[in-house]
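A.B. asks: here is my input; please provide its structure:
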Amino acid sequence: MQKTIYISDLDGTLLNSDAEISAKSAEIINSLIEKGMLFSIATARSLSSAGRILSCLNLQLPVVLMNGVFLADAKSCKVIECVPIEKETAEKIIGIFKSFNVCPFMYCSEGDILDVLFEKIDSPQNEEFYKKREKRHYRRFERVEKLKVPETGDCVYFNILDSYSRLKPLVDRLREIKEISVAFYCDTYLEDSWFLEVFSANASKCNGMLRLKELTNAEKSVVYGDNLNDISMFKCADEAYAVSEAVTELKEIATAIIGSYNEDAVALHLKSLFLQELK
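C.D. replies: Below is the predicted model:
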């Protein structure tokens, strides 16, 4: 029997519109893991943001976080691997943000703790993002007078949540830097809100998925997603399934379209595929 690893995105895919894994989905997935299914997560969320959500799953494998920046153990909340941004590149990124008069969150990693530095919050979308996350474990927010790369630790990530019209010119400029990857996609929950995320070119959901495939000695990969930041993972997987609410660009490269994220589509599809694999 061919050894397969199954990997799902979270928001807009495995999570329902309340940003939760339903009891039904959790029951199905835990049952499949118990039967031997190799299952994990690849998400743009950090450990602090994803940890509570994933607590209902009996995950046995590491998870891919922040679009491939981290590989972490969801049970112990320990970072296993990290892909940082080079210092000179991080300084260049800060300069570009300043030239567009946009103030990002900059994530710096020391062990299992993320320090999130920022000068100010200058949009309603970013204010909402900050309020939901400022008191979570494994992440510390700090307002600074001037954003600069710290002398210790690794700079790993920049992000901001704002309107498409404000961020698109900035995105185009950042994409000229070959040493980084830029994810730009519509937020699942807030209207007229787009995530801009910047990280090392060596980090991606694709690379995270391939690393898990290597660690498990799997011969085949099956992935699930809904948004533009899932494209790299879809392109390098053996099979890729998009939920019915997925963006058009992802549906066009998907193996097939499954049901709605509000109807346990991923869990039900996993059950169908894995039980067929066992026969």
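A.B. asks: may I have the top strand by length along the chain as PDB, with CA atoms only?
C.D. replies: The strand of greatest length in the chain, counted in residues with DSSP state E as the criterion, is given as strand 154-162. The C-alpha trace of strand 154-162 is given here as PDB (Å, rounded to 0.1, in the frame of the first residue of the first chain):
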ATOM      1  CA  ASP A 154      15.900  35.800  13.900                       C
ATOM      2  CA  CYS A 155      13.600  38.100  11.900                       C
ATOM      3  CA  VAL A 156      11.100  35.600  10.300                       C
ATOM      4  CA  TYR A 157       8.000  37.400   9.100                       C
ATOM      5  CA  PHE A 158       6.200  40.600   8.300                       C
ATOM      6  CA  ASN A 159       2.500  41.100   7.900                       C
ATOM      7  CA  ILE A 160      -0.300  43.600   7.700                       C
ATOM      8  CA  LEU A 161      -4.000  43.600   7.200                       C
ATOM      9  CA  ASP A 162      -5.500  46.400   5.100                       C
END
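A.B. asks: partners of the strand or helix carrying Tyr241, with directions?
C.D. replies: Tyr241 belongs to strand 239-242 when elements are defined using DSSP states H and E. Partner strands and pairing direction for strand 239-242 (DSSP bridges) are strand 220-225 (parallel), strand 256-257 (parallel).
A.B. asks: pLDDT on the last one, on average?
C.D. replies: For strand 256-257, the mean per-residue pLDDT is 98.
A.B. asks: about what we covered before: contacts for the longest strand of the chain, please.
C.D. replies: Residues from elsewhere that reach strand 154-162 (C-beta atoms under 8 Å, 6 or more residues apart in numbering): 66, 69-70, 82-85, 87, 90, 93, 97, 102-110, 114, 123, 125-126, 128-129, 149, 167, 187, 190, 193-200. For glycine as for every other residue, the C-beta is placed from the backbone atoms N, C-alpha and C.
A.B. asks: drop anything exposed from these.
C.D. replies: 66, 69-70, 82-85, 90, 93, 97, 102-109, 114, 123, 125-126, 128-129, 149, 167, 187, 193-200 (16 or more other C-beta atoms under 10 Å).
A.B. asks: related to what we said a few turns ago, from the strands paired with strand 239-242, which stretch is densest packed?
C.D. replies: The highest mean neighbour count among those belongs to strand 220-225 (a mean of 25), with neighbours defined as mean count of other C-beta atoms under 10 Å.
A.B. asks: contacts for it next, please.
C.D. replies: Around strand 220-225, the neighbours that count as contacts under C-beta under 8 Å, 6+ apart are 2-9, 13-14, 42, 209-210, 213, 230, 233-234, 236-243, 246, 250, 258, 266, 269, 273.
A.B. asks: try it again with 6 Å
C.D. replies: By C-beta atoms under 6 Å, 6 or more residues apart in numbering, the surrounding residues in contact with strand 220-225 are 2, 4-9, 13, 209, 213, 233, 237-241, 266.
A.B. asks: same thing with stretch 237-254?
C.D. replies: Contact partners of stretch 237-254, identified using C-beta under 6 Å, 6+ apart, comprise 13, 220-224, 226-227, 230, 234, 255-261, 265.
A.B. asks: can you give me the end-to-end span of it?
C.D. replies: When the termini of stretch 237-254 are compared using C-alpha to C-alpha, to the nearest Å, they are 10 Å apart.
A.B. asks: can you give me the helices for the stretch 1-150 of the chain?
C.D. replies: Secondary structure of the stretch 1-150 of the chain, counting by DSSP state H, counting those that start in this stretch: helices at 23-34, 47-54, 87-99, 124-133.
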